[in-house]
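Asker: kindly generate the corresponding structure for this input.
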Amino acid sequence: MSSFPDLEQIGRELVERLKYWSAPDGEGVVAAALDECLARLRAIGPEGRDNQLPSDALWKVAGSLLERGDLQRRARFKPRGYAGDFEMQRDFWLRRECDDPLGRLFDRYFLRQEAVEAVRARMELIGAAIAERLRGGGRGAGEEFRVVSVGSGPAVDLRLAAEALDDEERRRLRLTLVDIDEQALDFGRGELRRLVDDGQIRTVRENLFRLARGKRGAELLGGADFIACTGLFDYLNDTDAAALLRLFWDSLAPGGTAYVGNFARHCSTRAYMEWIGNWYLTYRTFDQMTVLGQMAGIPASRRRVAAERTGCDVFLIAVKTG
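Answerer: Have a look, this model is predicted:
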């Protein structure tokens, strides 16, 4: 606390302002209190993992209130072992709020964050891209279309793809869900079984950080028509990210497509995620995503960098024509 003497005062003032959460405009009170608090925290820094100890100090002052928000509490304490688990992503999509009256106001604040909307937007982006590629790809009518989702989470994007297809198109799908969390895989399979036959779904529990090592990754991904990886690169350094991207590229079938996402440096939710959630990502710019493509050996003519509709999540998109 001595290195950041203002933290205790900022925490006390946040607690004081939050006392009025039950006022008629309680949602506005909570939002204004958090907005002001985060603006002051941004001004004193720091960012990234250097933020951990100062964040802990702030939480000691205001944590008893902040943890009443279900999403804030789960982000910080990571009950499944990591932030952004499949349950949290599912709740982002469904816009779920907890029952605690104050916690509900915190959850609403969380759900309005740019990063949360970007998660919803990337689910929509991948779902639409899979459906578009299946309909417009080089494979003949009736042929299998192999999709691999790396870090599949709740598989909302795959469900959106299946919902966008007609019955005949849907029967072409062969879906492989790869995740480290067995319960995420079970949930994803359960959601998809409402739309496709169980035999069209494969679930694989795998340590995603080791996927580019050895033969396992090539065995899982080889011959894929579409590879989606929307959240993993946020936790990888450049060397590991480029190695995994190279695996994706090498694994694509002719005409295949890979979508690889990464949160952008300009994401406005960063301070909230770090100070309140102890949630740290590796943020990348458009140019840095381009460099990853170069490091992975993907020809410039076969790749581009774009963003989902919020602009907060950047995607390297590679298409293996030929």
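Asker: check which helix or strand residue 158 maps to.
Answerer: helix 156-164 (DSSP states H and E).
Asker: what segments of the stretch 151-300 of the chain are strands?
Answerer: Shown for the stretch 151-300 of the chain, the strands assigned by DSSP state E, counting those that start in this stretch span residues 173-179, 201-205, 224-229, 252-263.
Asker: okay, now the domains of this protein?
Answerer: What automatic domain parsing lists as the domains of the chain is 6-112, 116-320.
Asker: tell me the mean pLDDT for the last one?
Answerer: Per-region confidence: domain 116-320 scores 95 on mean pLDDT.
Asker: do me a favour and get the end-to-end distance for it?
Answerer: Length of domain 116-320, first residue to last, CA to CA, to the nearest Å: 31 Å.
Asker: pull the distance from that domain to the chain's centre.
Answerer: Relative to its parent chain, domain 116-320 has a centroid offset of 10 Å by CA atoms, centre = their mean, to the nearest Å.
Asker: now do the shortest one
Answerer: Taking CA atoms, centre = their mean, one finds domain 6-112 lying 19 Å from the centre of the chain it belongs to.
Asker: hmm, residue 169 is touching residue 134, no?
Answerer: Yes - under the criterion of CB atoms under 8 Å, residue 169 makes contact with residue 134 at 6.1 Å. All C-beta atoms are positioned from the backbone trio N, CA, C, and that covers glycine.
Asker: between those two, which is the more surrounded one?
Answerer: Taking other CB atoms under 10 Å, residue 169 and residue 134 do not tie; residue 134 has more neighbours (21 against 17).
Asker: the more buried one: which element?
Answerer: Secondary structure assignment for residue 134, by DSSP H and E: helix 114-136.
Asker: now residue 47, nearest residue through space, not along the chain?
Answerer: residue 274 (6.7 Å; CB to CB, 6 or more residues apart in numbering).
Asker: what sits against residue 149?
Answerer: For residue 149, the contact set (CB atoms under 8 Å, 6 or more residues apart in numbering) comprises 155, 157-158, 175-178, 228-229.
Asker: any idea how many residues pack against the nearest residue to it once chain neighbours are set aside?
Answerer: Spatial nearest neighbour of residue 149, excluding adjacent residues (CB to CB, 6+ apart): residue 228 at 4.9 Å. Number of residues near residue 228 (other CB under 10 Å) recorded here: 28.
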